[in-house]
Every structure is written in structure tokens, then in C-alpha cells.
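Peer 1: When you get a sec, could you give me coordinates for this:
(2 chains, ligands or ions: 2)
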Amino acid sequence: MAEKKMTSKQMLAAMQAKHYDDAMKAKAEGKPVVWSASIGMQELLETMDLTVVYPENHAAAIGARKCAPELIANAEGRGYSTDLCSYARVNIGYADLANSPAQNIPLPDMVFCCDNLCHTVMKWYENLAKALNIPMIHIHTPFVYEDDVPQRSVEYMRTEVEYAIKQLEELTGKKFDYDRLAEVMHSSNQTAYWWKKAYSLGMKNPSPLSGFDMFNYMAVAVCMRGKPEGAELFQLWHDELAAKSEAGLGPWKEGEEELYRVMWDGIACWPNLSFTFKTLKKNGINMVCSTYPDIWNLQYDETSINALCAEYARHYANRNLKYSVDIISKHVEEYKLDGIIYHSNRSCKLMDFRTYEIQRQVQERTGVPSVIFDGDQTDPRIFSEAQYETRIQALLEVMAARKEGK
Amino acid sequence: MADYKALISELTRIASTPDKSIAESMKETGKEAFGCFPLHTPEELVYAAGYLPVGLWGGKTDLKLSDKFLQGFCCTIIKANLEFGMNGTYKMLKGVIIPALCDTLKCVSENWIYACPDIPVIPIVYPMLRKIEGGEKYCVEEFRHVQKRLEEISGRAIPDKAIEAAFIVYEDYRATMREFVRVASDHPLTFDAKTRHLVIKAAYFMDKIKYTYIVKDIINEVKQLPKEKAQLRIIASGIVSEPVELLDILTENGIAIVGDDLSQESRNWRTPARKEGTALEKMAGMIADQKGDTFLYEQEKYKGAMLIDQVKNEAADGVIYFQMKFCDPEEFDYPIVKKELEAAGIPLLYLEVDQLLDSVEQLRTRIQSFAELLV
Ligand code: SF4
Ligand code: SF4
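Peer 2: Ligands and ions are numbered 1, 2, ... in the order given. Coordinates of the predicted model:
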């Protein structure tokens, strides 16, 4: 009997389980384990064949399984302020306790940081390196306040990469293999290509994609971007979505119609994922795109390390406000959005402190209504179901009125 | 002979009335003012451009307009700066420089463009990999970029020799301040916590040559006087040691600040410049050579060890960590510093401060109990 082909959902679950199992096994075998920032230059680590886990992904999983409070309490008990990013508090708590019922990961032998998301992650990783007494490699991606990454930043990053390679060689006692790097860059590009191609199907009307799935699939974009399996998964997911779309199917089951199309700005509220999703769905609101998963769409000229550097500095979170407004306005057009939901994420000052102005400018440029709600990605103490519902209701009313007026 | 007491009160007056002091300095120098946000802002370039560099370190104000841009959980230095930019308090500024040294600063440099369209903003990024050759080179290029923007705004070229000359002015200022904090440590009654702070702060609203000259006069006088003994000697760490009312409470409890690790104070001058290179290279070198600075990447995290050394060198009784509310880089350093000071048996007081804090009274009891613990 022919073996039944896995669905992308099954494949995703299997890959995630394997990712964590392999990491535990590697540690048990005495192999070095690296903790990396979620948009770290994984190409370098993959080239060195290192076992890598991603604390932000791990913290998200812990948050989604509602196991964050214990770890947060540990960090806060040791002097970490409630004000700090909750991913950091969860992870720093985990680094101390080394145990969570949600998911265990091996403790690191090295931390690998890249601050293209925020300055916060650099401070967080400094603390890990200090507390665990392990080496840290850091790649600084200068904030892009100009229209594109300037040449001086690329040249600086190039020297950082060379320095990081030297550190990796010293720490592992292995030579860095540039041919292997070329292969990894190719695989990474492929993963990013299929990732984008799949989630871009949200542009179809109705969207075959329920945007909250993106948050789940994102785990592989984070953790396995440099591996060929990453591309395989996203290609499969893409093909499923494309088939769905061709059959005229929307995001949900038959009879559940997509009435409104919205964008979600910022990270999910992991502990409240189901509530945030269901509140939208029961009102026929589908999240068809988000600025956040977009960040892992890193594609570059595979033959150039400079291009790799520039791409790491170039994404949404590391760019000026004008760029954000342009990108979101483009999303409004391409995804035919009816509304936008901005998550004012108590953890993430970097994203929050531009939200108000971005909202104003996007609204002015596109006319599309939007709301901002207060939440947090992993700390359950911030989000309020009542506030979220009220905000969504308000958005719904404006969207409905606009639809009628059309 | 200069009357050092009159000079000290002149500086404390200047520091206490920034608006008036800036206007006076503009009049005296005939220069226009240019704003410098915290931290490590390259004032030398502003000086070389022929402007009066003015330090923008927040202050007390009613926050009415900045809420349009920033959520409640933003540090008050930045909220106040934005408020002042929006409400016209900063209308005399020809521009501002904002370094991208924390996530809040990155964002505010962007918001500023839209919140204060009449005051141009020049952002600058400092290299975190500041010790590698490419890092120092990048730092110099960022300085050049700032220079170019200053030239565009002022319509005047900034010759390299003007930068070299400005660097000398600032080196003299920094050397003087290194001496000042030593002398202040020997005279903790003359320079009680508030006086010490205000004398240092006055520099942000004055011409640096004039300021340095006055401080030198003060040093020369006070140096001759017998050393003084404070009941309790502490080291201050943080961004700023404000609000000043808090410093009065320290004094009331016999506590003097005899050394600091503050962004507004010693972090600016404790690292000596290198001997070789152009002014810009030396400025980049100073960033590269900084140790224990919250905002510059350092995997070893020397801050705790440096505070321990400082406590020993200054024969201090403890450390006060002035935690600026909502300042996450400082919040990240705290648990590490706490652990290290505890291990060294050094008393540590953590004060969460906020410049707008109307009532510092709630901190009074904590300061009192800390003082009791120390005696
Ligand atoms: S949530 Fe924000 S602050 Fe936290 S790690 Fe991510 S980007 Fe940085
Ligand atoms: S968060 Fe800290 S470093 Fe950043 S602007 Fe505020 S006080 Fe300064």
C-alpha cells in the first residue's frame, strides 16, 4: 500500500519535534549547542554544522502553552524588571531553571546574537553569556535611518562577519567552509522564497490562508531557514493553499465566509492566540497578512556576502518609519485590506514606539480603518479580553460601514 | 582670587534654569544652539560647526503632546524631550542629534521628523563591534555623516582643523571633569549630592571653554581647603541622578555622592583619549575603549567589577542604582550588578526614578533605611 503523503501541518509538527529532539540529543552527545537570536545570521552556524536553538521561538512555544509565568517569576525574582521584553524574561528564567513543562531545550555552550530586531536582544544575550559563563558572538546591524542600507554599514557588517567566522573557527576548532556557505545560502534563499510565496497567497480573494496559521508555520522559518527541509515544507504548504484557492475555498470550513480582510501588525499574543483568533473569526474577519512573518523573507544574491549583510539590516523592524508606512500601505493595496490591527506589545518598545505615527500616516494615505490594542507576546498579565473585543467591535463597525458605502 | 562659593552658586543657578541659561549663552557667544540628546553625542562636531551644543536630558514638564507618539511605558527623558520639541520650548534649536543607542532612541529619532518638523534631526549609529577595525572605521564614517548633515543645515563647511580645535576644547573639559570629581570626592560637604550634580550639569547649557575655565577656578580654590568628611559616601550608577529633590534627601541623611557611573556625568569623561590619530579617530577610539558602559556592547560586562573598584578607591560605603523608569538597557544590567555587589558585600540601594516624579517622598523611607544600614 502506498504510504499516504504527509500534509504540511503534519510535516510542521514532525519538524518541530525533531528540531527539539535533535538539539537534546546533540547536547547529550557532547556536541556544542548554540542559542541564537531569531533573525541571527544562521547561515554561519549552519555552515559550521552547529546545533542551534532559538530562544524567541522557545519562549513563544512556552507562552502558547501557558507556561510562561513560572519562568517570568524566576527572572523577576532575581532582579529583572517586569518592564523588560517577556521573551527575555522567559528565556532568562529558563536559563536558570533549565526546565519547563511546555518544552525543554538544552542549555547553550555559546550565544549568537544579531540586533537587527532590537537593541534589547543584545543586552539579553550579554546577560546569558555572563550568567552561564559562555562565549558570545554578536553581529550588529546598524539601524537604517536612510532610505536603504548605506554602503558604510555593509562594509562594517562585512568585517563583523569575518570576525564572527574567526571566532567560530576558534571556538569549534574547525575551518569555515565557504563552499558549504554557498550551499546554505542557497537553501536559505529557497526557504525564504517558498515562505513568501506561500503566505502571499493571502492576496487571493477569498484568502485560502487563515493568517493565524502563519504564526505557527513561522517556527520553521525561524528555526530551519538554512535547511532544505524548510523549503520543502513551505512548498508543500504553498501547493495546498494554491489548490484550495483554485477550488474557490476560503480560509475556514465551508459555510464560514471571509467577510473582512485585515492585517496584524506585531507579534502574536501567544497565551491568547486562540481567543484573539476566534474573536476575529466569529465576525468573519480573516487576518490575511502581517508585517511580522514578513521579516523572515530574507532573500539575497547567493554569491555575495555583502548582499547577505545588507539583507540582514534591511528588514522592516530595522528600517525607518517611512519604510514601514510604505510597506503597510502596499499591503493594503496588494491584500485588499479592509482594516488593520496594531498590537501595542508591552514587551517591544522598538515596534511600539513607532506604531502611533505609522497608524496615522497609513490611515491618511489609504483611508483604511485600524485599531490598536494592548497586549503582550508571552506575559499574560497585560492582555485584556474585554478591551480586545471592544476594539475589534469598533473596527468591525467602521469596516462594515465602509463596505456598505462602497 | 576667585570666590569659589560664588562660582559654584553661579553654576548651580545655570543648571537649574536651563531656558534662561541657554539664552544667556547664545547671547554671550553669538552662536545658535543645537540640541544633543543622550548618550555619547559627538558634541565636538556641533562645536566645530559653530553652534552652541546644548544637552537635552529631559526635565520636569506636563506631558500633553508626546502621548500622540509614545505609549505610557516610555522613559520620561524621551517623553519630556519630545514634549519640549512639540510645545515650542526647543524652538531656539537649529537641530538635534539623536544617537541610536537604545530602542527608544531609535524610535524617537524617527518620530521627531513628524513631531517637530521645524527642528531637523540628525541620527547617528555607534558601532557595537566597536573594537574591531571595521567598527572604528564605521564610527568615523558616521561622524563624517553627522558632519555633512551639520554642514547642510548650517550652510557652512566644517574644516578638519575646526574639528581638531573642538576636540582640544573637549579634551580639556574632560580632563578638568576628571579632576573635578576627584576634588569633589575630597570635599563632599562643599559638593553635597545636589551641588555636585548641578555643577556638572551646568556644562550642558554653556560654552564649554567658559565652563571649563570656571570649573578650573573652583578646583584650584577648593583643592587648597582641608578635606571634608561626609557621614556616608556612596557611588551613583545610572543615567541621571534626578530629580534633584532626591539628592536633597540624600544630604539630609548624611549621604554624599563621591563618585559616579552616570551617563550624564562620568561615563562621558572617564575614558581618556588615545594619543594617535585624527580627532575623529580619537573620538571613535574613545567609544571603542569605553568599559562598563550600558549602551556599548560588552560581553564581559565589567560594570559590576568597576563599581566594586570604585567603592574601594573612593572608600565608599555603598552604591545607589538610579534606575530610570522604563530604561531597559539599564534594567538588564541591574541583576548582574546586584549579584556581583552582593557577592562583594557592598550595600546597594535600587531606586526607580523618573524625572517627573512629583513626590519623591515615597523614596524617603527607603533612603533613610539604607542610611541606617550603612552607619
Ligand atoms: S519582542 Fe521586541 S524587544 Fe523582544 S526580542 Fe523581539 S524585537 Fe526585541
Ligand atoms: S530608554 Fe534609557 S537609554 Fe533609552 S532614551 Fe530612555 S533613558 Fe535613555
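Peer 1: The single nearest residue of chain B relative to chain A - how many residues pack around it?
Peer 2: Closest approach between chain B and chain A, counting by CB to the nearest CB: B:G134, at 2.6 Å. In this view, the C-beta of every residue, glycine as well, is placed from N, C-alpha and C. Neighbour count of B:G134, defined by other CB atoms under 10 Å in any protein chain shown: 20.
Peer 1: I'd assumed A:R158 was in contact with it.
Peer 2: Yes - in this structure B:G134 lies within contact range of A:R158 using CB atoms under 8 Å: 7.1 Å.
Peer 1: For whichever residue of the stretch 251-375 of chain B sits closest to ligand 2, give me the pLDDT.
Peer 2: Residue nearest to ligand 2 within the stretch 251-375 of chain B: B:C327 (3.1 Å; CB to the nearest ligand atom). Note for B:C327: predicted pLDDT of 98.
Peer 1: Kindly report the same for B:A2.
Peer 2: 66.
Peer 1: Roughly how far does B:Y114 sit from A:T279?
Peer 2: As judged by CB to CB, to the nearest Å, B:Y114 and A:T279 stand 32 Å apart.
Peer 1: Please say which of those two ends up with more neighbours.
Peer 2: A:T279 (18 against 14).
Peer 1: Tell me which helix or strand the nearest residue to B:Y47 once chain neighbours are set aside sits in.
Peer 2: Excluding its sequence neighbours, the residue lying closest to B:Y47 (CB to CB, 6 or more residues apart in numbering or on different chains) is B:A166, at 4.1 Å. Using DSSP states H and E, B:A166 maps to helix B:160-186.
Peer 1: Counting by contacts, list what the next helix or strand after that helix packs against.
Peer 2: Counting by DSSP H and E, the next helix or strand C-terminal to helix B:160-186 is helix B:193-201. Applying 3 or more CB pairs under 8 Å, 6 or more residues apart in numbering or on different chains; DSSP states H and E, one finds that helix B:193-201 contacts helix B:4-16, helix B:160-186, helix B:244-252, strand B:255-262.
Peer 1: on that earlier part again, ok now the helix holding B:A166, how far from the chain's centre?
Peer 2: Helix B:160-186 sits 14 Å away from the centroid of its parent chain (CA atoms, centre = their mean, to the nearest Å).
Peer 1: which helices and strands sit right next to it?
Peer 2: Checking 3+ CB pairs under 8 Å, 6+ apart, helix B:160-186 ends up next to helix B:43-48, helix B:193-201, helix B:208-224, strand B:255-262, helix B:279-289.
Peer 1: So what touches the shortest one?
Peer 2: Contacts of helix B:43-48 with the rest of the structure, by CB atoms under 8 Å, 6 or more residues apart in numbering or on different chains, involve B:34, B:36, B:53, B:97, B:143, B:146-147, B:150, B:158, B:162-163, B:165-167, B:169-170, B:208, B:279, B:283.
Peer 1: contact partners of the helix or strand following it?
Peer 2: On the C-terminal side of helix B:43-48, the closest following helix or strand by DSSP H and E is strand B:52-55. Residues from elsewhere that reach strand B:52-55, judged by CB under 8 Å, 6+ apart: B:22, B:25-26, B:29, B:31-36, B:38, B:41, B:43, B:46-47, B:93, B:201, B:203-205, B:207-208, B:264.
Peer 1: and stretch A:323-333, which residues are buried?
Peer 2: Residues of stretch A:323-333 classed as buried: A:323-325, A:327-329, A:331-332 (neighbour count, 16 or more other CB atoms under 10 Å in any protein chain shown).
Peer 1: Which helix or which strand is home to B:Q323?
Peer 2: strand B:318-324.
Peer 1: quick one: that strand near ligand 2?
Peer 2: Yes - under the criterion of CB under 6 Å from any ligand atom, ligand 2 is reached by strand B:318-324 at B:M324.
Peer 1: OK, contacts around the residue of chain B closest to chain A?
Peer 2: B:G134 neighbours (CB under 8 Å, 6+ apart): A:155-156, A:158-160, A:163, B:127.
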